[in-house]
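*Asks:* missing the sequence, but the structure's below:
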């Protein structure tokens, strides 16, 4: 087992110093680009209690994928373990969704002010996970296939939530909640 100092030395030897900040910024932007339209459009059809976790999870999925690929582009002899990075970011996304929902209930401000903060938190978790969970060697074909499967699964989750779940509930389109 390697210790923390060895991991930092290995990362600094194999990656550009811009890889960490760039992966955080790009993954935060990707998460925001996914969360904002889902909260806006999905909130018109689905109750916010349902769309907030879905938007956060899909934002986390995209943030995890973006930061993994950015880090992989800057690493010469190692690659991020995409499933672990996305899984870690998805776990953080569930916590962020709960915090985002509670903040919208107790803080008297529109949800639009919470979304950039949520995206930056997801970007930070994704960047940390991509730095922390990496393995030696490059497996680009495998990583591309995993990324494609995760993107299709995320799209299916969105469609299932927006159309499948609410098709069984008559009150989804007539919801008038706190947002």
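*Replies:* Sure thing, it's come through. Nothing here was measured: the structure is a model prediction, and the numbers come from that model. Numbering: from 1, shown residues only.

*Asks:* chain neighbours aside, what residue packs nearest to the residue nearest the centre of the chain?
*Replies:* In the chain, the residue lying closest to the centroid (C-alpha atoms, centre = their mean) is residue 60, at 1.1 Å. Excluding the flanking residues, the one nearest residue 60 by C-beta to C-beta, 6 or more residues apart in numbering is residue 93, at 3.1 Å. Backbone N, C-alpha and C define where each C-beta goes, glycine included.

*Asks:* and the one you found, what does it touch?
*Replies:* If you count contacts by C-beta atoms under 8 Å, 6 or more residues apart in numbering, residue 93 has them with 53, 56-57, 59-61, 122.

*Asks:* now with 7 Å, please.
*Replies:* By C-beta atoms under 7 Å, 6 or more residues apart in numbering, the residues touching residue 93 are 56-57, 59-60, 122.

*Asks:* so which elements touch the host helix or strand of the residue nearest to the centre of the chain?
*Replies:* Assigned by DSSP states H and E, residue 60 falls within helix 48-74. On a contact count with 3 or more C-beta pairs under 7 Å, 6 or more residues apart in numbering; DSSP states H and E, helix 48-74 meets helix 19-45, strand 78-80, helix 82-106, helix 114-132, helix 140-159.

*Asks:* for the nearest residue to residue 161 once chain neighbours are set aside, give its distance to residue 32.
*Replies:* Nearest residue to residue 161, sequence neighbours excluded (C-beta to C-beta, 6+ apart): residue 54, at 4.7 Å. In this view, residue 54 and residue 32 are 15 Å apart by C-beta to C-beta, to the nearest Å.

*Asks:* okay, the contacts of residue 93 in a markdown table with distance to residue 75 and pLDDT next?
*Replies:* Below are these laid out as a markdown table (distance: C-beta to C-beta, whole Å; pLDDT from 0 to 100):
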| residue | distance to residue 75 | pLDDT |
| --- | --- | --- |
| 56 | 28 | 87 |
| 57 | 26 | 88 |
| 59 | 24 | 90 |
| 60 | 22 | 90 |
| 122 | 21 | 92 |
